[in-house]
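1. Got a predicted structure here, sequence first:
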Amino acid sequence: MTRKGKVLVAMSGGIDSSVAALMLQEQGYEVIGITMKTWDYESSGSSKRETGCCSLDSINDARNLAVNAGFPHYILDIRGEFGTRIIDNFVGEYLSGRTPNPCVLCNTHIKWEALLKRANQLDCEFIATGHYAKIRLENGRFVVSRGLDETKDQSYVLWGLTQDSLKRTLFPLGNFRKNEIKKMAQDYGYIDLAKKSESYDICFVPDNDYRKFLKHKVEGLEERVNGGDFVHTNGAILGKHKGYPFYTVGQRKGLEIAVGEPLYVVEINAESNTVILGSKEDLEKQEMTVRNFNLIKYNSIVDVQNFITKIRYKDPGTMAAVRQENDSLKILFSKKVKGVAPGQSAVFYEGDDVVGGGFIEKAKT
């Protein structure tokens, strides 16, 4: 046993997780690498060559680095769990008229659960990932906060992690910027790592065409949903659409509707197969309800508290009053915000700290 104990590092084969593993080894941890096989291109209906974190090349890259660095490496096949918990949910959310947030669910219910289970089997005290985020213990709770590199910060997708998960989690990259990580990779002797391109697509939709993915996964979907109404916010029927699952709140392009003014998807009604269109101003909402929330910094939200609230990953955030009501949160923004999409994550910040988050249920003006 080393001075700092054993840590199981999730390795995708990319630069961030690779450098995280090397850093921890250098710091005195006994490192064990693990790469999770979550999906394959064949099941996604893609004709593209496999690339990214689940490809054979990436798995081999992770394994080769571990061998070169002198620590064990394992491959964990969790395609079954991933398909049930993540892909089925992804499809179900679109069929319910919502816009899913699969990365949050994957972190919470797949990656961390699988990592902790395997860590227990391998006698590891800790798990670690290459996320750009920080973690600390304060007032008896483990708190996640933004990474130093604002352009790479990934705290938004970590709101679902429990205290039991966080107390065993390490984020080695939290206090570094991306250019520093690239320099470290070169210093460690892995020049090719620093040149690797990064993918920002959903991993199981490699060509970033979720409509094609839905059609592949749900037999006869186009026939079932084609021909519903485009309806203006004033009640006027504007024409027929190609199926409500193929549209997202805030969408403007691809509507194929001409009325003399720009129109946006304002709301999606799955039950009536209706897509509501309106102006840019119709996208503005001041209130929303959040379901399935998880609190990190505090046990509960007492009375009404004000937090910076992000409604999407790249959203800079807006101050909002947050009130906890049993199993949901009621949010009142200090000013109207555009494009609140049911199904997406709302994440609450106090300074750089993640207070918690949840899934957007509905919004109103």
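-> Done, it's in. As the structure is a prediction and not an experimental result, all values here were calculated from the model.
2. tally of neighbours for Leu56?
-> Applying other C-beta atoms under 10 Å, we find 11 residues neighbouring Leu56. C-beta coordinates here come from the backbone N, C-alpha and C atoms, glycine included.
3. ugh, wrong one, I meant Glu325
-> 9.
4. Return the residues in contact with it.
-> Taking C-beta atoms under 8 Å, 6 or more residues apart in numbering as the contact definition, Glu325 lies against nothing.
5. Bridged to it, which residues?
-> Each beta-bridge partner of Glu325 is listed here, defined by DSSP bridges: Ser328.
6. any idea of the pLDDT on it?
-> In the predicted model, Glu325 carries a pLDDT score of 92.
7. what's stretch 258-277 in contact with?
-> When contacts are defined by C-beta under 8 Å, 6+ apart, stretch 258-277 is touched by residues 95-98, 225, 227-233, 238, 241, 243-245, 247-252, 255, 257, 278-280, 282-283.
8. now, which of those lie within strands?
-> Among these, DSSP state E puts Asp229, Phe230, Val231, His232, Leu238, Gly278 in strands.
9. Pretty sure Ser18 sits against Ala185.
-> Yes: the pair Ser18 / Ala185 is scored as a contact, 7.0 Å apart, by C-beta atoms under 8 Å.
10. More neighbours: those two, which one.
-> Using other C-beta under 10 Å as the criterion, Ser18 and Ala185 rank with Ser18 on top: 27 against 21.
11. which SSE is the more buried one in?
-> Element membership for Ser18 (DSSP states H and E) is helix 15-27.
12. Using CSV, write out every CA atom in the helix or strand following that helix.
-> Downstream of helix 15-27, the first helix or strand assigned by DSSP H and E is strand 30-37. C-alpha atoms of strand 30-37 as CSV (Å, rounded to 0.1, in the frame of the first residue of the first chain):
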residue,chain,number,x,y,z
GLU,A,30,-1.2,3.5,-6.2
VAL,A,31,-3.1,3.9,-9.5
ILE,A,32,-5.3,1.4,-11.3
GLY,A,33,-6.8,2.4,-14.6
ILE,A,34,-10.2,1.4,-15.9
THR,A,35,-11.9,2.1,-19.2
MET,A,36,-15.6,1.7,-19.5
LYS,A,37,-17.2,0.4,-22.7
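13. Show me what strand 30-37 is packed up against.
-> Contacts defined by 3 or more C-beta pairs under 8 Å, 6 or more residues apart in numbering; DSSP states H and E place strand 30-37 against strand 6-10, helix 15-27, helix 56-69, strand 73-77, helix 112-121.
14. redo that, cut-off 7 Å
-> The contact analysis (3 or more C-beta pairs under 7 Å, 6 or more residues apart in numbering; DSSP states H and E) places strand 30-37 against strand 6-10, helix 15-27, helix 56-69, strand 73-77.
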